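Chemist: pasting the structure only:
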């Protein structure tokens with residue numbers, strides 16, 4: 001089977017698949033997939049043998065239901081991040097160019113189509129939630145504007161024209177904006193030193209050279225990625241339109257008009273600015289002329305932002321949210337036919353030339369963008385051995401104290417074996433710093449392995465709350481503040497009483513659509529309850545609500561968790 005495991009393949013890896021497993025041993029190459037499999041194992045109550053290698057480093061972890069913590073209970077340390085100002089304006093290594101290309105891929109082909117859907121749903125809320133300086137907000141809105149403009153009548157040719165605009169924006173206009181504001185001989189008025197010194201390289205704008213393979217590859221990859229995003233298909237065959245012939249693009253790009261550059265002053269943040277702030281110098285000694293110029297630049301940037309918002313507002317009036325069918329790309333380094341690495345390579349190399357940085361091969365771009373670290377056979381063999389030893393212990397039914405997690409580093413001869421940690425417990429506290437009130441855990445000390453199983457048929461919100469109240473010991477009055485499902489809330493305390501009388505199933509289907517996984521007849525709910533007497537939040541294990549009448553069981557019958565085990569977190 002060659003199907004990637006994830007949220008989008010749960011029709012294949014469904015309840016029957018997971019429930020039919022005795023346990024899971026995985027060998028995955030990214031944290032997202034590992035966490036997904038770990039969450040599935042916790043939900044279905046399956047043992048998991050988790051492992052990974054990174055050069056000479058390796059680790060293995062044994063996860064046993066209700067006895068050990070899970071993989072997701074730990075957070076891997078984050079890699080040292082490259083400052084945004086370095087990526088955007090002052091790259092000096094090819095890694096910076098590749099990382100910036102990777103970021104722009106997400107912005108153009110993943111985030112932009114998702115943002116369009118959010119914007120059309122509630123434009124005011126979307127704009128209010130934008131973060132960062134005005135320039136960053138404007139760039140995000142410009143991406144949304146570009147998608148909306150093209151969506152009305154997208155063709156392969158119009159995607160090529162958009163690729164042309166993006167080329168000029170990234171490799172000509174943005175570069176000329178910087179050099180217009182800060183010429184090559186520009187000096188810092190406070191220190192008298194050259195602005196373009198040290199690691200900061202004075203950039204040079206690119207030209208549309210159809211004989212340059214990187215230029216043509218940029219147009220080729222961007223045009224095809226946009227065509228996929230807009231679902232452009234051939235009317236005759238019904239298949240997606242794509243073109244891979246570089247000569248076709250050379251001829252087409254040569255016919256495109258190159259508009260004249262219009263100078264724009266920009267405010268650029270550099271690593272030196274951050275260092276000055278750390279040293280207590282926040283620019284307070286700037287002369288009046290510089291402050292005046294800065295204020296004027298900020299006012300112009302706000303005007304540009306307002307202009308984009310106005311254009312979006314006008315375009316939204318005619319946009320039909322229901323007719324938009326946009327595909328958000330998910331970066332995949334291992335598919336050589338999807339244009340993803342082609343985009344990264346062309347973008348990174350064009351940017352490298354802007355800053356006189358040696359270009360990289362496609363293979364090198366793939367390694368850095370995909371965060372690929374070459375595997376070492378000895379590390380892999382050692383971790384495989386640790387995993388198999390734990391598998392034998394698991395099959396023989398050894399106690400949890402006999403198991404060991406492993407961390408090794410062959411480069412420094414480091415071998416650390418330790419007992420698996422216990423499951424993460426949720427306990428009652430007199431004051432929670434996040435919620436700002438007392439928290440009551442029911443039952444006390446429950447873990448992520450525990451579930452609250454509700455098999456009472458097709459309930460309204462009120463009836464579900466009554467059932468959950470029955471599970472909470474004590475005589476206090478329990479009220480429902482919020483009922484969450486997926487990424488949204490089915491009910492909040494601000495909703496009308498009509499919502500309380502609505503069927504939980506109907507609210508979920510209205511928000512997320514009918515379930516797409518055959519045989520799945522339950523909802524995963526997260527209720528937020530409040531004890532009115534003590535004003536404490538009441539926290540329950542994840543609620544698994546079976547809504548079909550045929551799944552209903554009588555009170556005397558034993559309830560089981562979603563994994564089919566004999567542990568009932570809600571038993572009184």
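Modeler: Ah, there it is. Bear in mind the structure is a predicted one, so any value in this text is a computation, not a measurement.

Chemist: Now do the strands in the protein.
Modeler: Secondary structure of the chain by DSSP state E: the strands cover 23-25, 47-54, 57-63, 405-409, 414-418, 439-441, 451-455, 478-485, 488-492, 522-531, 536-539, 542-546.

Chemist: between those strands, which gets nearest to residue 304?
Modeler: strand 488-492 (33.5 Å; C-beta to C-beta). Heads up, the C-betas are built off the backbone N, CA and C, glycines and all.

Chemist: That closest one: which residues count as buried?
Modeler: By neighbour count on 16 or more other C-beta atoms under 10 Å, the buried set for strand 488-492 is 489-491.

Chemist: Just want the angle from that strand to strand 478-485.
Modeler: Counting by axes from the mean of the first three to the mean of the last three C-alpha atoms, to 10 degrees, strand 488-492 points 160 degrees away from the direction of strand 478-485.

Chemist: Please dump the buried residues of strand 488-492 into a markdown table; it should also carry pLDDT and distance to residue 5 for every row.
Modeler: Formatted as a markdown table, these follow (pLDDT from 0 to 100; distance: C-beta to C-beta, whole Å):
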| residue | pLDDT | distance to residue 5 |
| --- | --- | --- |
| 489 | 81 | 28 |
| 490 | 81 | 28 |
| 491 | 78 | 32 |
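
Chemist: thinking again about what came up before, and residue 226, which of the strands of the chain is closest to it?
Modeler: Closest of these to residue 226 is strand 488-492, at 29.5 Å (criterion: C-beta to C-beta).

Chemist: Quick check: can you name the pairing partners of that closest one and their directions?
Modeler: Here strand 488-492 is paired, per DSSP bridges, with strand 478-485 (antiparallel).

Chemist: And the contacts of the strand it pairs with?
Modeler: 461, 464-465, 468-469, 472, 489-493, 504, 507-508, 511-512, 523-532, 537-538 (C-beta atoms under 8 Å, 6 or more residues apart in numbering).

Chemist: next one: stretch 48-60
Modeler: For stretch 48-60, the surrounding residues in contact (C-beta under 8 Å, 6+ apart) are 23-29, 34, 37-38, 41, 61-63, 70-71, 373-376, 379-380, 382-384, 386-387, 390-391, 394, 405-411.

Chemist: Ok, stretch 387-406 next?
Modeler: So stretch 387-406 is contacted by 23, 25, 47, 49, 51, 58-62, 64, 67-68, 383, 386, 415-420 (C-beta under 8 Å, 6+ apart).

Chemist: what's the span of that stretch from first residue to last?
Modeler: One end of stretch 387-406 sits 9 Å from the other (C-alpha to C-alpha, to the nearest Å).

Chemist: Contacts only, for the closest residue to residue 107 other than its chain neighbours.
Modeler: Nearest non-adjacent residue to residue 107, counting by C-beta to C-beta, 6 or more residues apart in numbering: residue 143, 6.0 Å away. Contact analysis of residue 143 by C-beta under 8 Å, 6+ apart lists 107-108, 111-112, 115.

Chemist: pLDDT weak spots in the stretch 351-500 of the chain?
Modeler: Segments of the stretch 351-500 of the chain classed as low confidence (criterion: pLDDT under 70) are 474-476.

Chemist: Can you give me the buried ones in stretch 340-354?
Modeler: Buried residues in stretch 340-354 (16+ other C-beta under 10 Å): 340-354.

Chemist: same question but for stretch 142-154, I mixed them up
Modeler: Buried residues in stretch 142-154, counting neighbours by 16+ other C-beta under 10 Å, are found at 142-151, 154.

Chemist: Of those residues, which is the nearest to residue 296?
Modeler: residue 142 (21.6 Å).

Chemist: picking that back up, would JSON lines of the strands of the chain with distance to residue 260 be doable?
Modeler: Converted to JSON lines, the strands of the chain look like this (distance: least, C-beta to C-beta, whole Å):
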{"stretch": "strand 23-25", "distance to residue 260": "60"}
{"stretch": "strand 47-54", "distance to residue 260": "50"}
{"stretch": "strand 57-63", "distance to residue 260": "54"}
{"stretch": "strand 405-409", "distance to residue 260": "57"}
{"stretch": "strand 414-418", "distance to residue 260": "61"}
{"stretch": "strand 439-441", "distance to residue 260": "62"}
{"stretch": "strand 451-455", "distance to residue 260": "65"}
{"stretch": "strand 478-485", "distance to residue 260": "53"}
{"stretch": "strand 488-492", "distance to residue 260": "47"}
{"stretch": "strand 522-531", "distance to residue 260": "56"}
{"stretch": "strand 536-539", "distance to residue 260": "61"}
{"stretch": "strand 542-546", "distance to residue 260": "60"}
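
Chemist: Of all those, which one is nearest residue 205?
Modeler: Nearest to residue 205 among the strands of the chain is strand 47-54 (39.2 Å), distances taken as C-beta to C-beta.

Chemist: Buried members of the contacts of stretch 387-406 into PyMOL, please.
Modeler: This is how PyMOL selects the buried members of these, with burial counted by 16+ other C-beta under 10 Å:
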select buried, resi 47+49+51+58+59+60+61+62+64+67+68+383+386+420
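
Chemist: I figured residue 242 hits residue 233, correct?
Modeler: No: using C-beta atoms under 8 Å, residue 242 is not in contact with residue 233, being 10.3 Å away.

Chemist: So for those two, which sits in the more crowded spot?
Modeler: Just comparing residue 242 and residue 233: by other C-beta atoms under 10 Å the higher neighbour count belongs to residue 242, 16 against 12.

Chemist: hang on, the earlier thing: which of the contacts of strand 478-485 count as buried?
Modeler: Among these, the ones that count as buried by 16+ other C-beta under 10 Å are 461, 464-465, 468-469, 472, 489-491, 504, 507-508, 523, 525-531, 537-538.

Chemist: about what we covered before: restricted to helices, list the buried residues of stretch 142-154.
Modeler: Counting by DSSP state H, those place 142-151 in helices.

Chemist: would JSON lines of those with distance to residue 367 be doable?
Modeler: What follows is those, written out as JSON lines (distance: C-beta to C-beta, whole Å):
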{"residue": "142", "distance to residue 367": "31"}
{"residue": "143", "distance to residue 367": "28"}
{"residue": "144", "distance to residue 367": "32"}
{"residue": "145", "distance to residue 367": "35"}
{"residue": "146", "distance to residue 367": "31"}
{"residue": "147", "distance to residue 367": "31"}
{"residue": "148", "distance to residue 367": "36"}
{"residue": "149", "distance to residue 367": "36"}
{"residue": "150", "distance to residue 367": "33"}
{"residue": "151", "distance to residue 367": "35"}
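
Chemist: Next, format these as TSV and append pLDDT and distance to residue 545.
Modeler: Converted to TSV, these look like this (pLDDT from 0 to 100; distance: C-beta to C-beta, whole Å):
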residue	pLDDT	distance to residue 545
142	85	43
143	84	39
144	86	36
145	85	41
146	84	42
147	86	37
148	84	38
149	82	43
150	82	42
151	81	38
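
Chemist: Any regions of this protein where pLDDT drops low?
Modeler: The model of the chain has pLDDT under 70 over residues 1, 76-81, 269-290, 319-323, 474-476, 512-516, 518, 553-572.

Chemist: Where is the longest helix in it?
Modeler: helix 288-318.

Chemist: For that one, buried residues please.
Modeler: 297, 301, 305, 308-309, 312.

Chemist: Next: stretch 434-442.
Modeler: 438-442.

Chemist: which residues are in contact with it?
Modeler: Contacts with stretch 434-442, where a contact means C-beta under 8 Å, 6+ apart, come from 426-432, 471-473, 531, 534-540.

Chemist: Give the PyMOL command for selecting the buried subset of these.
Modeler: In PyMOL, this line selects whichever of these come out buried by 16+ other C-beta under 10 Å:
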select buried, resi 426+428+471+472+531+536+537+538+539+540
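
Chemist: Nearest to residue 267 among the ones in helices among the buried residues of stretch 142-154?
Modeler: residue 142 (17.1 Å).

Chemist: Contacts only, for the closest one.
Modeler: If you count contacts by C-beta under 8 Å, 6+ apart, then residue 142 has residue 308 around it.

Chemist: Selecting buried members of the contacts of stretch 48-60 in PyMOL, what would you type?
Modeler: The buried residues among these can be selected in PyMOL (16+ other C-beta under 10 Å) with this line:
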select buried, resi 24+26+28+34+37+38+41+61+62+63+70+71+376+379+382+383+386+387+390+394+405+406+408+409+410
